[in-house]
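*Asks:* When you get a sec, could you give me coordinates for this:
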Amino acid sequence: MNTYRADLHIHSVLSPCGDLEMSPGNIVEEAARKGLDIIAVTDHNHTGHARLTRELGARRGIWVVYGAEICTREEVHCLTFFDTNEQLDAFQILLEEGLPEIPNEPAKLGCQVIVDEEEQILEEISHTLYPGLKWEIGEASRIVHDLGGLFLPAHVNRPMNGLYAQLGVWPKGLDVDGVEVFRKCTRENSVKDHPELERYTVIRNSDAHFLADIGRCYSRFLMERRDFSEFRMALRGEKGRAVLA
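*Replies:* Sure thing, here's the model as predicted:
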């Protein structure tokens with residue numbers, strides 16, 4: 001079994017909160033410099049930089065999981081992960097259908113651009129990516145799982161947009177593949193405050209918006225190799241695979 005360092009919550013310049021230096025190329029280079037083995041770009045309600053980041057990561061020996069950080073109707077942030085281009089395309093269509101088209105205000109909220117390998121702007125998203133989708137959290141989980149993806153509530157104990165801040169309690173029957181706790185909290189303290197987390201695999205990530213923040217917090221995945229089936233088993237704690245947050 002091998003140990004892989006993974007930072008699975010990184011925002012690119014496509015996220016309105018992402019720094020202008022957070023291009024896919026710069027993210028990959030910084031991840032390589034920090035010694036990360038697995039990363040995911042998880043922009044708000046959009047997957048536009050997933051493919052390019054995976055291509056660039058492969059050149060540097062980094063496995064890039066397709067991802068997005070979605071915002072539910074209750075304004076709970078959740079991490080979603082996918083394996084194939086087909087899954088990614090289908091999810092992007094659903095995101096576009098589920099997100100209200102409210103004009104973005106770059107001066108106030110930040111730019112939202114998709115760039116190429118040379119950091120040339122290919123597209124600017126004109127509607128803000130911040131709002132909650134039309135899906136409640138349980139429906140969001142079902143949508144992701146129906147596509148074959150993985151669903152984890154993000155920074156559940158963060159004071160803003162965490163599950164507990166938005167909902168107060170853990171929803172009955174919510175189907176998740178693990179949970180991310182706020183990077184400033186340990187797994188032990190999180191479980192102490194919320195005992196129901198004991199039954200889930202816990203991960204910790206940087207939630208980086210600036211290059212320097214990439215890898216400031218990461219999880220260690222125990223797997224035979226870096227692929228989605230192993231990734232899924234590690235989150236589920238199956239066949240000796242595990243996550244050490």
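*Asks:* Just give the closest residue to Phe81, not the sequence neighbours.
*Replies:* Excluding the flanking residues, the one nearest Phe81 by Cβ to Cβ, 6 or more residues apart in numbering is Leu150, at 4.3 Å. C-beta here means a position set from N, CA and C on the backbone, and glycine is covered the same way.
*Asks:* if I read this right, that neighbour contacts Arg232, doesn't it?
*Replies:* Yes - contact criterion Cβ atoms under 8 Å: Leu150 and Arg232 qualify, at 6.4 Å.
*Asks:* tell me the average confidence for stretch 28-48?
*Replies:* Averaging pLDDT along stretch 28-48 yields 98.
*Asks:* buried stuff in that stretch?
*Replies:* Neighbour counts using 16 or more other Cβ atoms under 10 Å place 28-32, 34, 36-48 of stretch 28-48 among the buried residues.
*Asks:* Kindly report the same for stretch 113-120.
*Replies:* Val113, Ile114, Val115.
*Asks:* would you list those in a markdown table and tack on secondary structure and distance to Leu88?
*Replies:* Converted to a markdown table, these look like this (DSSP: H, G, I helix; E, B strand; the rest coil; distance: Cβ to Cβ, whole Å):
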| residue | secondary structure | distance to Leu88 |
| --- | --- | --- |
| Val113 | strand | 19 |
| Ile114 | strand | 14 |
| Val115 | strand | 18 |
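*Asks:* With pLDDT and distance to Gly162 as extra columns, can I get those in CSV?
*Replies:* Shown next, in CSV, are the buried residues of stretch 113-120 (pLDDT from 0 to 100; distance: Cβ to Cβ, whole Å):
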residue, pLDDT, distance to Gly162
Val113, 93, 28
Ile114, 94, 28
Val115, 96, 30
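*Asks:* what are the ranges of the strands in this structure?
*Replies:* 2-10, 38-41, 63-64, 66-71, 77-82, 113-115, 121-124, 150-153, 179-180, 202-203, 219-223, 242-244 (DSSP state E).
*Asks:* any idea of the pLDDT on Ala245?
*Replies:* Looking at Ala245, the pLDDT reads 69.
*Asks:* picking that back up, what's near enough to touch the residue nearest to Phe81?
*Replies:* Thr80, Phe81, Phe82, Val144, Asp177, Gly178, Phe231, Arg232, Leu235 (Cβ atoms under 8 Å, 6 or more residues apart in numbering).
*Asks:* Surely the fifth one is in contact with Arg236?
*Replies:* Yes - the criterion here is Cβ under 8 Å, and Asp177 meets it with Arg236 at 7.0 Å.
*Asks:* and for those two, which residues touch both?
*Replies:* With Cβ under 8 Å, 6+ apart as the test, Asp177 and Arg236 both reach Thr201.
*Asks:* Quick check on those two: which one has the bigger neighbour count.
*Replies:* A direct count of neighbours by other Cβ atoms under 10 Å for Asp177 and Arg236 places Asp177 higher, at 20 against 16.
*Asks:* Which pLDDT does the model give the residue sitting furthest away from the middle of the chain?
*Replies:* Here the chain reaches farthest from its C-alpha mean at Ala107, the gap being 25.3 Å by Cα atoms, centre = their mean. pLDDT for Ala107: 82.
*Asks:* same thing with the one 5 residues further on?
*Replies:* In the predicted model, Gln112 carries a pLDDT score of 92.
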